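Trainee: sequence and predicted structure are below.
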Amino acid sequence: MRNNRSTEDIAMGIRRRVFEHSMRNNGGYLSQACSAAEQLAFLYNEALNLGEPVLPAVPRPFAGVPSASNPDYVTGAGYNGPFEPQFDRLFIAPAHYALVAYATLIETGRMDAEGLEMFNKDGSSVEMIGAEHSPGMEVHNGTLGIGLSTGAGLAWGRKRRGDTGQVCVFMSDGEVQEGQTWEAVQAAAHHGIDNLWALMDVNDQQCDGAMSSVMEVRDIAAKFRAFGAVCVEIDAHDLGALRQAKAEPHEGQPLIILARSSPTQGMSFLQKRFPRLHYVRFKSNEERAEMNVSIAAELGIAPIELEAH
Amino acid sequence: MVEMVNRPYASAFEAFAVKNPDVLCLSADLTSSCEIDGFRDRHPDQFLSLGMAEQNMMSFAGGLGLAGYRPFLHSFGVFLYRRPYDQLMASVAYPRRKVRLMGFLPGITTPGGMTHQAIEDIAVMRSIPNMSILETGDATEVESICEAADSIDGPVYCRVLRGSVPRLFDSPIKVGEMRELALGEDVLVVTSGIATEEALRARDALSKAGVAVRHLHIHTIKPFNEQALLDHIGSVRTGVVVLENHLITGGVGSLVAEIMADNGVGKPLVRLGLNDTYAHGGSKPYLMKHYGLDAGALVRGIERVMGISTGIDDEALATARIDAVHSLVKAEAL
């Protein structure tokens, strides 16, 4: 499935949509839209071979967790297309990027804009932290560090079955603090799992603030290479560089693309909030109004109409 | 005397796996310790070495499940849930992947001490939604554990015996059922795993002392046939004694207690097992005696429930003959 819009246009649409949503809902995961807009736009609009969605454009309400007594349970993976051997599979490992991922589904025509109205509403499947049943999600990744291992297992299994589709894991750099990430890379390298690739949003941010202040992770590219991956580092906001990185040969090894990003890209006003950017809440109505005018101008749209408080 | 079977899992797993191409054998650096070294050597294409990295192995297995495989994870029981508990929850249990956790060295069946002894595994697994639990008590059950586990639509944790294992039964595990080993009407004895052999050790002495025991062996801990247990409790005059190779909290004893309480059964219950304590390293017979998991402890438990003294001493139990239990239950015997 290919969208007629340019990837640049979709990235801008993601930022605008997440901004509008955050303005209306008194806060949100704004910095993740800033850092990851090009990456998610690139994945859905260019890099991944995905089929047409097989789930309704307006997401169904939450329909229960997996259990023996819930035979109709499905994950949200159907928004990424059907499970067929030739199609790629995508895991969004940092599940708190869900808002950005949902915006991407809308911008690429896989979900109706109405879906975002259900975000974080009781009884909705469009959850704040993406769950298995949330649009575009296939597994639970809210516990950080498990995504790459799952991707490696699926990729090994698909390779054994002769599937041509690849497995892509969208990751966040905070996950390199988890030991499991390194276990996953060494296993993928040991078993030559080369139908696996990861795109990591390296924004140097985590919940407590700048990563360097929370836990220094040093040269992660060198670490990934030492653990057996092919690793390239690029500017996350340079689509040409993303395309080139994806084309990097990695026979017999997983590919990990470190996309060095700015957590305020496209919304410069957020620099005032540095380094506490994980979840942006407004400190006052004045700040909200000021942010609304400033960021809207940078995104080339009119300020969002806010209901009176 | 009872037959001893050497490494029943090794041949049983191999025979099962070669018939099922979507079964994969995963190991975390305990391949010979889990008796799958021969399988690794003869079937390398169906074997995956994942190293000492159980967290990755658990999520990796979840991914294999997504690809339609049924991975059998081999390690010591403790290593399948303590360190990778988060991964077990998110990557295996929640999505109901058909992952088969083959946990070796259950309870005190290892001299490895606290780090190697899975003494709370059943408590942990019982509390996990979607999880099933099987436990082997003899060679026949070990030989049938792969087929039984793989028949379950969802994840399953199995307590597997290794090495030289006695053959007590002549029929395979039937998931969801329990074995009725004696149908006496004085007291109900419920055992699982290696505790069943201990109960059989006490059978003659109790019979001679005039105690008619009703004895159930539990290989399927979850799901559990509640009504069958209630019927057996209703059939005995006094009460219930549970003996298990596990902490008395959260295991089979707790399961029985919950069922009795939920159904208002007002009979006495004695739960035997590790009582709010870790064990240390030592031989199986030493640990079973030291921590009150042996035939002697069971006899004392029966005496408590019945309010009697049988006069059975450890010497009588030490020399007791254990015979295989055949399908036909002799009502008068334990």
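Mentor: Noted; the coordinates are in hand. Because the structure is predicted, anything quoted here is derived from the model rather than measured.
Trainee: list, one by one, the residues from chain A near chain B.
Mentor: A:65-68, A:75, A:132, A:138-143, A:145-146, A:149-158, A:160-161, A:179-180, A:183-184, A:186-187, A:190-191 (C-beta under 8 Å from any C-beta of the partner chain). C-beta coordinates here come from the backbone N, C-alpha and C atoms, glycine included.
Trainee: going through the residues you listed, which ones are buried?
Mentor: Buried residues within the residues of chain A next to chain B, counting neighbours by 16 or more other C-beta atoms under 10 Å in any protein chain shown: A:66, A:75, A:132, A:138-143, A:145-146, A:149-158, A:160, A:180, A:183-184, A:186-187, A:191.
Trainee: buried sites along stretch B:19-36?
Mentor: So stretch B:19-36, judged by 16+ other C-beta under 10 Å, has buried residues B:22-28, B:30-31, B:33-36.
Trainee: from those, which is closest to residue B:203?
Mentor: residue B:35 (29.8 Å; C-beta to C-beta).
Trainee: neighbours of the residue nearest to the closest one when sequence neighbours are not counted, just the number please.
Mentor: Computed as C-beta to C-beta, 6 or more residues apart in numbering or on different chains, the closest residue to residue B:35 that is not its neighbour in sequence is residue B:10, at 4.0 Å. By the criterion of other C-beta atoms under 10 Å in any protein chain shown, residue B:10 has 18 neighbours.
Trainee: looks like residue B:10 contacts residue B:34 (just checking).
Mentor: No: if you go by C-beta atoms under 8 Å, residue B:10 and residue B:34 don't touch, sitting 9.1 Å apart.
Trainee: return the set of buried residues in stretch A:42-59.
Mentor: A:42-48, A:50-51, A:53, A:55, A:57, A:59.
Trainee: could you measure residue A:287 against residue A:294, distance?
Mentor: Separation of residue A:287 from residue A:294 (C-beta to C-beta, to the nearest Å): 10 Å.
Trainee: any weak-confidence spans in chain A?
Mentor: Applying pLDDT under 70 to chain A picks out residues A:1-3, A:308-309.
Trainee: coming back round to it: for the buried residues of stretch A:42-59, could you give me CSV that also reports secondary structure?
Mentor: Formatted as CSV, the buried residues of stretch A:42-59 follow (DSSP: H, G, I helix; E, B strand; the rest coil):
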residue, secondary structure
A:42, helix
A:43, helix
A:44, helix
A:45, helix
A:46, helix
A:47, helix
A:48, coil
A:50, coil
A:51, coil
A:53, coil
A:55, coil
A:57, coil
A:59, coil
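Trainee: which one among those gets closest to residue A:270?
Mentor: Scanning the buried residues of stretch A:42-59 for proximity to residue A:270, where the rule is C-beta to C-beta, the winner is residue A:42, at 21.9 Å.
Trainee: sorry, back to before: distance to residue A:205 added to the buried residues of stretch A:42-59, as CSV?
Mentor: Output for the buried residues of stretch A:42-59, formatted as CSV (distance: C-beta to C-beta, whole Å):
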residue, distance to residue A:205
A:42, 20
A:43, 20
A:44, 23
A:45, 25
A:46, 25
A:47, 23
A:48, 25
A:50, 28
A:51, 33
A:53, 31
A:55, 32
A:57, 32
A:59, 29
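Trainee: from the residues you listed, pick the one nearest residue A:208.
Mentor: For the buried residues of stretch A:42-59, with residue A:208 as the reference and C-beta to C-beta as the criterion, the closest is residue A:43, at 27.7 Å.
Trainee: got the residues of the stretch 101-250 of chain B near chain A?
Mentor: Near chain A, when you scan the stretch 101-250 of chain B using C-beta under 8 Å from any C-beta, you find B:129-130, B:153-154.
Trainee: if we use 6 Å, what do you get?
Mentor: With C-beta under 6 Å from any C-beta of the partner chain as the criterion, the stretch 101-250 of chain B does not meet chain A at any residue.
Trainee: for the chain, which segments count as helices?
Mentor: I went with chain A, as the question did not name one. Remark: helices assigned in chain A by DSSP state H are A:7-24, A:30-42, A:98-107, A:114-117, A:147-161, A:179-190, A:211-214, A:220-226, A:239-246, A:285-299.
Trainee: meant chain B actually
Mentor: Taking DSSP H as the criterion, chain B carries its helices at B:8-19, B:37-42, B:54-66, B:85-87, B:121-126, B:139-150, B:195-201, B:203-208, B:226-234, B:252-262, B:284-290, B:295-306, B:314-318.
Trainee: who touches the fifth one?
Mentor: Among residues not part of helix B:121-126, those counted as contacts by C-beta atoms under 6 Å, 6 or more residues apart in numbering or on different chains are B:77, B:81, B:131, B:133, B:157, B:222, B:246, B:250-251.
Trainee: restricted to strands, list the residues you listed.
Mentor: B:133, B:157, B:222, B:246 (DSSP state E).
Trainee: distance check, the third one against residue B:125.
Mentor: When you say that, I think you mean residue B:222. For residue B:222, the distance to residue B:125 - C-beta to C-beta - is 7 Å.
Trainee: so for stretch A:202-212, what gets flagged as buried?
Mentor: Buried residues in stretch A:202-212 (16+ other C-beta under 10 Å): A:202-206, A:211.
Trainee: should've said stretch B:296-315
Mentor: Applying 16+ other C-beta under 10 Å to stretch B:296-315 flags B:296-303, B:305-306, B:310, B:312 as buried.
Trainee: now stretch A:280-299
Mentor: A:280, A:282, A:288, A:291-292, A:294-296, A:299.
Trainee: may I ask which two of these are separated the most?
Mentor: A:282 and A:299 (17.2 Å).
Trainee: what is the burial count for residue 272?
Mentor: Assuming you mean chain A. For residue A:272, using other C-beta under 10 Å, the count is 11.
Trainee: actually, chain B is the one I wanted.
Mentor: 25.
Trainee: over to the one 5 residues further on?
Mentor: Under the neighbour criterion other C-beta under 10 Å, residue B:277 is assigned a count of 9.
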